[in-house]
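Student: After the sequence you'll find the predicted model.
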Amino acid sequence: MSDSRYAQITAGLRGEGRLIVGHHHTATHRGSGSVDVLATPEMVCLMEQAAVAAVDHLLPDGDRTVGTHLDVSHLAPTPVGMEVVAGAELIAVEGRKLTFRVEVRDERDLVGEGIHRRVIINRDRFQAGAEKKSFS
């Protein structure tokens, strides 16, 4: 990465997220289906958490990452009570654009996998831009 503030952001960084699947994580509860298994939106959230854990702590004060793209597959069901662990590996850095390989595993199977892209932003400028869209 050409900006020296981001010199520590290099391919190979890894992050992790984990949770025990509770009823509030299920497709039934989230409205994304009618089965009491880990909902796809919850799986995606865990993937994003793992990517954030890989890099955000290395960024200068005021900078963070935001998700811009997900291309994932949900491959296997995970029932309530089982632990799932998401892993993210930074595989490409193009300026402020970051690409991660992400996966989620439960205690028995590969649950989901894919590619996730994030971009480094200045939190205050980003929030100000979002607030300009507000009708209030």
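Tutor: Thanks, I have it. Numbers count the residues shown, from 1 in each chain.
Student: Okay, now the unreliable bits of the protein?
Tutor: Residue ranges of the chain with pLDDT under 70: 1-2, 136.
Student: in it, which spans are strands?
Tutor: 14-20, 63-74, 83-94, 97-106, 110-122 (DSSP state E).
Student: Which strands and helices lie in contact with the first one?
Tutor: Using 3 or more CB pairs under 8 Å, 6 or more residues apart in numbering; DSSP states H and E, the elements in contact with strand 14-20 are helix 40-55, strand 83-94. Every C-beta, even on glycine, is put in place using the N, C-alpha and C of the backbone.
Student: And residue 70, how far from residue 3?
Tutor: 25 Å (CB to CB, to the nearest Å).
Student: what sits against residue 107?
Tutor: Residue 107 is in contact with 82, 83, counting by CB atoms under 8 Å, 6 or more residues apart in numbering.
Student: And it, how far from residue 81?
Tutor: 10 Å.
Student: gap between the spatially most central residue of the chain and residue 135?
Tutor: Centroid check for the chain by CA atoms, centre = their mean gives residue 48 as the closest residue, at 0.6 Å. Distance, residue 48 to residue 135, by CB to CB: 27 Å.
Student: I am finished for the moment; much appreciated.
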